[in-house]
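>>> Coordinates for the following, if possible.
(chains A and B)
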Amino acid sequence: MAAMLVATTMAACGQDDGATSAPKAPATIPELTKDPLTLSFIWFDWPPAHALEAFANAEYTKVRSNVTIKVNTVPNANWHDAMFTQFAAHKTDFDIPILDSQHIGEAVTNGNILDITDFVKKNIDVKAYNPYLLAAYGQYPQAETGKRDENASLYGLPLLGDTWTMIYRKDLIGDKPPQTWDEMISVAQKCQADNPGVSGLAFHQANGSDAAAVTYNTVNAVYGGNLWDSKTRKIDGVINDAAGQEAMDVLVNKMKPLTAAGSGNWFIDEVNAAVAQGKACIAFNWIAASGGLLDPKQSTLGTTREEILDKLGFATLPSQKTNLVPLGGMGMHVSAYSPAANQAEALNFMKWFEQADIQKKWAAAGGVPSRTDALESPEFLNAGPFNQVYADSVSRMRDMWNVPEYARLVDIENTNVNAALNGAKTPKDALNDIAKEQQGVLDSGSRKGGGGL
Amino acid sequence: MSNPVPLTTDHPGQVASATPPAPGRSRRLSDRGLAVAFISPALLLLLAMSVFPLLWALYLSFTDYSATRGGPAHFVWFENYTAILTSAQVHLRALTTLIYVVGAVALQTVLGFAIAYLISRRTHGRGLLTTLFLVPMMLSQVVVGLFWKFMLDAQFGVINSMLGSLGLGQVEWLTRQRTALISLIVVDTWQWTPFIMLIALAGLTAVPKYLYEAASIDRASEWFRFRTITLPLVWPLLLIAVLFRAIEAFRLFDLVYILTSGGPGVSTETLSFHVYKVAFLGFNTGTASAYGILMVLVVIVLTQLYLRYLNKLKED
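Numbering: from 1, shown residues only, chains lettered A, B, ... in the order given. The predicted structure follows:
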């Protein structure tokens, strides 16, 4: 209640302006200040956030010695709230919000971030990127999967690419990873039966953030389903079609029984912990969060990185009816409410960050770049055993819905998939409820009262 | 120099002080002015931080306003209220909240009173025991939630480890529909039973000893003394403690957020947690304001009914 009152007070302060579209950033970077300046980011608390702060303070200060980089972090579950409550107040304590690709629609529609189309045209070599990666982290309206609309506006640039990797125990299932989803399930089944105390699978199931939703979306994609028809904005009848039902059945009735008891609230850290403690034969996790698995201090699989790598393998996701994989990662954007000097510095940082040599250094520092030349560079491919997985997955990525209603859509999917995974709903009911409730959200534009229920 | 102002006193026989006003005091500032000067900072803070947002929330509750979408707020009058009161989603959360409040407060009352009764019968170490029992109440709810989350973890938690050593199977405390709500009740009970205990202990120590002595002379049994002396005298105080706890439990948010995130599915989503989602996931500020106002109204109405019952109890 107190939080709501604070929000309503903020709403009171920010009500007058009525902005509904993103303001434009200048094509040319304005003159930069020579005074000391702190350029603030906001992200959620995970290793890449700390890597970015260390990297930027070490490298960017070589060209801008008066600038300090501060990456403010919040728990993953608060990430959206932390950014958008400040946007609601029309005052932010960050200059560069790192948005999930699906947040772009909400931020653009509300006028919270700058339109950087002209800036990109003049300062960024767009041909250096896979077009879909550039579109996924910056374009709005959302790009069609695998493509970029060159006439669409851009509101961000890639900061960190990411997708899921399959992590498998080479010592338990062999060096060759399963190639199809069905094969993966049967291998996990056998591994679980042969190794008491080790569960066949570990994956995200929690109902916070986008955990369970990404898991279902991944299986849905692999089994040939679709989340929606973006042109007609139709969800009911699309996500719960035969392919969608099959995907939910596979997830709940074939995959879930192979997970550890009580894993129904697992997300990134819990899956990593299960792998590091040797409790899972096959696991799925975001590549950018997998670095810790190779740290002997955090693992029971070996006393050195090499020993761990003798037991752990990283592979692209198995395919089935399609070979799609989830698009993860985030882009950099410029807060519309930052002071002019900070906005200019933010644009300068983005231009600097997207240079070929800096992208390679970022890759060497643990980041996942988006420029094709950096992705193909030895700096990136040799930095981690999972980086090749990312490079091989780029052409296979699919994103969720990038619309202003994203936060509610993902919550509906999370809670229902989590309910199905934990026995609170049948798979069929859960999927039909997702379809009905999400369609209700998309169709509620003309509704006057009771929005959000 | 003005004449010293005689100070009033509530106690007859006490001589009023003839101390002159402090040397720095302005002649133009009357007693009333001084009082206003002293209370105005607190009053302004209260107006700015509580009253204004509350009135603003009341205004927004009749509109379709969204804090992030901006633009003018359009009046929808009672449509938000109608939508909330007729929503099956809200009814489900209300039922969850009701089960939680009744379960948690009942358990805390029984345990809190029992512990207070046992402590009150001790003559030695009462203070130390009371202090130790109060420790959970002094902890932050987030901290309590986090360490209980570890303790209740199905794989690595100490609770399942203990059950395992007793030969019992693993329980999925936080990820099954039935056990998740029970876990929330247990954790809340662990933290807040001391509050009921403290109030009950105050009531128990205030029971006049001569009543027990008279009962002993009449050779009344222990149960008879408890039923006819202890319970009736402590009951009104205990009910006030129950009222405070019920209001707190009705607003439950922190433990749900940390322990279950409302899951599995939405089976442990309380009303407060649902308001949070309406307010911050979709930024439907108008609906969320109406939701919050309705929750305040429910608490006010129930509290009034409860207080009337308490007054009636006192009169009887």
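
>>> show me what contacts the residue in the stretch 201-350 of chain A that chain B sits nearest to?
Residue of the stretch 201-350 of chain A nearest chain B, by Cβ to the nearest Cβ: A:Gly262 (2.1 Å). C-beta here means a position set from N, CA and C on the backbone, and glycine is covered the same way. By Cβ atoms under 8 Å, 6 or more residues apart in numbering or on different chains, the contact list for A:Gly262 reads B:153-155, B:160, B:170, B:172-175.

>>> Which of the residues you listed sits closest to chain A?
Of all the contacts of A:Gly262, B:Ala154 has the smallest distance to chain A: 2.1 Å, by Cβ to the nearest Cβ.

>>> What residue, apart from its backbone neighbours, is nearest that closest one spatially?
A:Gly262 (2.1 Å; Cβ to Cβ, 6 or more residues apart in numbering or on different chains).

>>> quick one: the one you found from B:Leu259, how far?
Counting by Cβ to Cβ, to the nearest Å, the gap from A:Gly262 to B:Leu259 is 13 Å.

>>> tell me the phi and psi of the closest residue to A:Asn76 other than its chain neighbours?
Spatial nearest neighbour of A:Asn76, excluding adjacent residues (Cβ to Cβ, 6+ apart): A:Phe44 at 4.3 Å. When read as degrees, to the nearest 10, the backbone of A:Phe44 gives phi -90, psi 160.

>>> May I have the beta-bridge partners of A:Phe44?
A:Val74 (DSSP bridges).

>>> mind checking how far the host helix or strand of B:Leu181 is from the chain centre?
Element membership for B:Leu181, per DSSP states H and E: helix B:177-205. Relative to the centre of its chain, helix B:177-205 is centred 11 Å away, using Cα atoms, centre = their mean, to the nearest Å.

>>> Show me what it is packed against.
When contacts are defined as 3 or more Cβ pairs under 8 Å, 6 or more residues apart in numbering or on different chains; DSSP states H and E, helix B:177-205 packs onto helix B:88-120, helix B:126-138, helix B:141-151, helix B:231-250, helix B:254-255.

>>> Deepest in the core, which of those is it.
Among those, the stretch with the highest mean neighbour count (mean count of other Cβ atoms under 10 Å in any protein chain shown) is helix B:254-255, at a mean of 22.

>>> what is in contact with A:Gly262 and B:Leu259 at once?
Joint contacts of A:Gly262 and B:Leu259 (Cβ under 8 Å, 6+ apart) are B:Leu174.

>>> closest one to A:Pro158 among the helices and strands packed on helix B:177-205?
helix B:141-151 (34.1 Å; Cβ to Cβ).

>>> Mind checking the pLDDT average for that closest one?
For helix B:141-151, mean pLDDT rounds to 95.

>>> can you tell if that helix touches chain A?
No: under the criterion of Cβ under 8 Å from any Cβ of the partner chain, helix B:141-151 makes no contact with chain A; the nearest approach is 8.8 Å.

>>> Just want the angle from that helix to helix B:126-138.
If you take axes from the mean of the first three to the mean of the last three Cα atoms, to 10 degrees, helix B:141-151 sits at 90 degrees to helix B:126-138.

>>> next structured bit after helix B:141-151?
Moving toward the C-terminus from helix B:141-151, the next helix or strand (DSSP H and E) is helix B:158-165.

>>> buried ones in that next one?
B:159-160 (16 or more other Cβ atoms under 10 Å in any protein chain shown).

>>> wait, what's in contact with the spatially most central residue of chain A?
Central residue of chain A (Cα atoms, centre = their mean): A:Gly328, 3.3 Å from the mean position. By Cβ under 8 Å, 6+ apart, A:Gly328 lies in contact with A:161-164, A:214, A:286-288.

>>> May I see the PyMOL selection of the buried members of those residues?
Buried residues within the contacts of A:Gly328, by 16+ other Cβ under 10 Å, are selected in PyMOL with:
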select buried, chain A and resi 161+162+163+164+214+286+287+288
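
>>> And residue 263, its phi and psi?
Assuming you mean chain A. A:Ser263 adopts backbone torsions of phi -90, psi 10, taken as degrees, to the nearest 10.

>>> looking at chain B here, not the other one
Torsion angles, degrees, to the nearest 10, at B:Gly263: phi -90, psi 180.

>>> Per-residue pLDDT of it, please?
On the pLDDT scale, B:Gly263 gets 91.

>>> Strands of the stretch 151-300 of chain A, residue ranges please.
Using DSSP state E, counting those that start in this stretch, the strands of the stretch 151-300 of chain A run over A:153-154, A:157-162, A:164-169, A:199-202, A:280-286.

>>> Roughly how far does the spatially closest residue to the residue nearest to the centre of chain A that is not a sequence neighbour sit from chain B?
Sequence neighbours aside, A:Asp162 is the residue nearest to A:Gly328 in space, at 3.3 Å (criterion: Cβ to Cβ, 6+ apart). Using Cβ to the nearest Cβ, to the nearest Å, A:Asp162 is found at 23 Å from chain B.

>>> residues in contact with A:Asp162?
Applying Cβ under 8 Å, 6+ apart, the residues near A:Asp162 are A:286-288, A:327-330, A:368, A:390.

>>> mind listing which of these are in helices?
A:Tyr390 (DSSP state H).

>>> Could you find which two of the contacts of A:Asp162 are furthest from each other?
Taking Cβ to Cβ, no two of the contacts of A:Asp162 sit farther apart than A:Met330 and A:Tyr390, at 14.2 Å.

>>> So for those two, which residue has more residues nearby?
Each of A:Met330 and A:Tyr390 has its neighbours counted (other Cβ atoms under 10 Å in any protein chain shown); A:Tyr390 has more, 27 against 24.

>>> leaving aside the residues next to it on the chain, what's closest to that one?
Nearest residue to A:Tyr390, sequence neighbours excluded (Cβ to Cβ, 6+ apart): A:Ile287, at 5.2 Å.

>>> Much appreciated, bye for now.
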